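> how would this look folded up:
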Amino acid sequence: MKRIKKDVLVIGAGLSGLYTSLHLDESLSIGIVSKDSVSESNSALAQGGIASCVNKEDSFVNHVNDTLTAGSYQNKIDAVSLLVSQAPNEIHKLIELGVEFDTDENGMVLTTLEGGHSHRRVLHANGDATGKVIMETVVCQALQKQNIQIFEKTMAISIEKDDDSNVIGVVVLNETEFVFIETSIVVIASGGVGALYKNTTNQVFSTGDGIALAKEVGCGLVDMCYIQFHPTAFYDKHIEKRFLISEAVRGEGAILRNNQDEPFMKIHDPRGDLAPRDIVSRGIYKEITRTKTSHVWLDITMKSKDYLEHRFPTIYKFLSEHDISMEKDYIPVTPVAHYFVGGISADLNGRTNIKGIYACGEVSSTGVHGANRLASNSLLECVVFGKRVALDINKKHGSNKKHRSAKENSNNKKCEDKGGLSEIKALVDKYDKLAKMICNSEELKLCSYNRYKSSIQQIMSEDVAIIRKESELQIALDSIQKIYVELTKHKKVCTMYYEVMNMCVVSMEIIKDGLAKDSLGCHYKINKKQSNGKSAEVVFNV
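Okay, here's the model as predicted:
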């Protein structure tokens, strides 16, 4: 098995992973594992913007209060205070890196309003392409760094520890081989779990891999059942990865209407169309159920074509390609899986309970979001806590690298003398044997992992979605446990196998947490009649 040494290995190439890497000491050698190409991430799909108090009429107190309200007051106040107070600093840092936020004719940064916000504090770039603009900037910066190496089309499959529970490295798998990346510091920044569901705004590879890795190595997981559904994804029954219609469209005046042309959100909340996302998603779900339709409509026809083309160029272009003109046509929308609120338990420096392992971004849970995330706090979380992870690592490992390297070499020599490297040797032997089982393209065609994936997505979409029932959660858990058992009997060495196993592990953790927790925030649970009691059929052919 090929072996590579890095001082720090970052799992994930979204905003949190790249921003962390850019702030690590340049004396440290850094590896970044990207499951797909580095240009593909959920961060790049973020349309609305990034929240920060930049207007005189706004305040940190307002932003904190809005975040707490959206999170059903389950947030950790120190985490929220840190997020909000550090926001302006990180906005300035992004501008220094080259991000160009939209400004008015006087050069003042423009802001918009989104659900749950009491003030206009959401900065945006290129109208509705904020994530794309930010990611293009940080990717460009990362590619220029001599101390950063990016491993594309590569999946982390195991974090390894020695007998003393010290992290010794990560096993990764690309299309053709296993690689062991030796490191004592791992940053998990692998993003969310949207692809556990049939319909999502996430990339198709967002299967919760980092969560599964963390659980396997012993990291604590918290609030796993809090999964946010975005209220307004473009409805198309033929597309599973749904195009997002930014919340900023409602922030600029759009109204949700049912199939009888009636605005309905005021019935569900006095804030109407700009209530927090969990409330709006449930309102739409109830309206769809009541009217027996597949979607509702988003109406922004009160705005002119010129305004809409300029303010929402990405959305306008997409809808035009689907024969919809925003200035005169309603937009069909429906809620879909969007953001993972819970995750790997981490402190304010991103440290987990396992020495040497950090977590940041969507995969982590610092308590900043509570039971439901406030719109446009996600990109902000990536940069605020990504930097804190980097600063904590730098403090311990950065500036004194020469002295540290000499000490580590001495320790390694002692380990070799005592036979302490036997764990790595055993690891290499194990994966050398597995490498002989790696499927070729023809063999993969015969595997049925996609059937498993579809089964998991169907179960999660039907029974672990916007409104949940105790009985259906239990049936879902039983069904996915059966799939997990079947998978262990039919192992073929490929990234798809590990991906589907991770989907099982993470789904079960979500459901178990949902069964244990009362209804709150984006975990909305009701008890009704028992369903038919049938579990999903498990099909596997090799």
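> find the nearest non-adjacent residue to the residue nearest the centre of the chain, please.
For the chain, residue 192 is the residue whose C-alpha lies nearest the centre (Cα atoms, centre = their mean; 2.6 Å). Distances taken as Cβ to Cβ, 6 or more residues apart in numbering place residue 340 nearest to residue 192, at 3.9 Å, with adjacent residues excluded. (C-beta placed from N, C-alpha, C; glycine too.)
> which parts of the stretch 1-150 of the chain are strands?
For the stretch 1-150 of the chain, applying DSSP state E, counting those that start in this stretch gives strands covering 2-5, 8-11, 30-33, 50-51, 111-112, 122-123, 148-151.
> quick one: closest of those to residue 165.
Of all the strands of the stretch 1-150 of the chain, strand 8-11 sits nearest to residue 165, with 17.5 Å by Cβ to Cβ.
> show the average pLDDT along the closest one.
Taken as a whole, strand 8-11 has a mean pLDDT of 98.
> same question, stretch 299-313
In the prediction, stretch 299-313 has an average pLDDT of 96.
> from what I see, residue 10 and residue 34 are in contact.
No: between residue 10 and residue 34 there is no contact under Cβ atoms under 8 Å: 9.4 Å.
> of the two, which one has the most company?
Neighbour count, other Cβ atoms under 10 Å: between residue 10 and residue 34, residue 10 has more, with 32 against 24.
> how's the chain carved up into domains?
Following the assignment in automatic domain parsing, the chain carries domains at 2-225+341-397, 235-336, 441-526.
> tell me how far the ends of the first one are from each other?
When you say that, I think you mean domain 2-225+341-397. 25 Å (Cα to Cα, to the nearest Å).
> any idea of the mean pLDDT for the helix or strand that contains residue 500?
For residue 500, the element it lies in under DSSP states H and E is helix 495-516. Average pLDDT, helix 495-516: 96.
> what's it packed up against?
Using 3 or more Cβ pairs under 8 Å, 6 or more residues apart in numbering; DSSP states H and E, the elements in contact with helix 495-516 are strand 155-161, helix 209-217, helix 449-463, helix 470-489.
> which secondary structure elements does whatever helix or strand comes next after that helix sit against?
Along the chain past helix 495-516, the next helix or strand (assigned with DSSP H and E) turns out to be strand 524-526. On a contact count with 3+ Cβ pairs under 8 Å, 6+ apart, strand 524-526 meets strand 467-469.
> contacts for the strand it packs on?
Contacts with strand 467-469, where a contact means Cβ atoms under 8 Å, 6 or more residues apart in numbering, come from 282, 285, 463, 514, 523, 524, 525, 526, 527, 528, 531.
> next, the buried residues of that strand.
For strand 467-469, the buried set under the neighbour-count rule, 16 or more other Cβ atoms under 10 Å, comprises 468, 469.
> and what of stretch 197-204?
Buried residues in stretch 197-204 (16+ other Cβ under 10 Å): 197, 198, 199, 200, 201, 202, 203.
> residues touching the second one, list them.
Each residue near residue 198 by Cβ under 8 Å, 6+ apart is listed here: 240, 454, 457, 458, 460, 461.
> recalculate using a threshold of 7 Å.
Contacts for residue 198 (Cβ atoms under 7 Å, 6 or more residues apart in numbering) come out as 240, 457, 458, 461.
> do the same with the last one
For residue 203, the contacting residues are 40, 41, 42, by Cβ under 7 Å, 6+ apart.
> can you redo these as JSON lines with distance to residue 426 and pLDDT?
Formatted as JSON lines, the entries for the contacts of residue 203 read as follows, by distance: Cβ to Cβ, whole Å; pLDDT from 0 to 100:
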{"residue": "40", "distance to residue 426": "35", "pLDDT": "80"}
{"residue": "41", "distance to residue 426": "35", "pLDDT": "75"}
{"residue": "42", "distance to residue 426": "36", "pLDDT": "73"}
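> most neighbours among those, please name it.
Highest neighbour count within those: residue 41, with 28 neighbours (other Cβ under 10 Å).
> now do it against residue 138, distance only.
When distance is defined by Cβ to Cβ, to the nearest Å, residue 41 is 10 Å away from residue 138.
> can you give me the neighbour number for the residue nearest to residue 192?
For residue 340, the neighbour count with other Cβ under 10 Å is 31.
> and if you look at residue 328?
The number of residues packed near residue 328 is 8, by other Cβ under 10 Å.
> again with residue 55
Residue 55 has 14 nearby residues by other Cβ under 10 Å.
> again, but for residue 187
Neighbourhood size, residue 187 [other Cβ under 10 Å]: 31.
> how about the contacts made by it?
Counting by Cβ under 7 Å, 6+ apart, residue 187 makes contact with 8, 10, 11, 17, 20, 358, 360, 389.
> first-to-last residue distance for stretch 51-67?
Across stretch 51-67, first to last residue, Cα to Cα, it's 11 Å.
> give me the nearest residue to residue 40, chain neighbours excluded.
Nearest residue to residue 40, sequence neighbours excluded (Cβ to Cβ, 6+ apart): residue 203, at 6.0 Å.
> give me the element that neighbour is part of.
Using DSSP H and E, no helix or strand contains residue 203.
> quick check: chain neighbours aside, which residue is closest to residue 390?
Leaving out its chain neighbours, the residue that sits closest to residue 390 by Cβ to Cβ, 6+ apart is residue 23, at 3.5 Å.
> that neighbour contacts residue 388, correct?
No: using Cβ atoms under 7 Å, residue 23 makes no contact with residue 388, being 9.0 Å away.
> of these two, who's got more company?
Remark: of residue 23 and residue 388, residue 388 carries more neighbours, 23 against 17, as counted by other Cβ under 10 Å.
> where's that one, which helix or strand?
helix 378-397.
> what's that helix packed up against?
Packed against helix 378-397 by the contact rule (3 or more Cβ pairs under 7 Å, 6 or more residues apart in numbering; DSSP states H and E) you find helix 15-22, strand 50-51, helix 77-97.
> how about that helix: buried residues?
Neighbour counts over helix 378-397 (16+ other Cβ under 10 Å) mark 378-394, 397 as buried.
> would a markdown table of the buried residues of stretch 197-204 with distance to residue 211, pLDDT and secondary structure be doable?
Below are the buried residues of stretch 197-204 laid out as a markdown table (distance: Cβ to Cβ, whole Å; pLDDT from 0 to 100; DSSP: H, G, I helix; E, B strand; the rest coil):
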| residue | distance to residue 211 | pLDDT | secondary structure |
| --- | --- | --- | --- |
| 197 | 15 | 96 | coil |
| 198 | 19 | 93 | coil |
| 199 | 20 | 92 | coil |
| 200 | 16 | 92 | strand |
| 201 | 18 | 90 | coil |
| 202 | 14 | 88 | coil |
| 203 | 16 | 87 | coil |
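> that's all I had, so thanks and see you.
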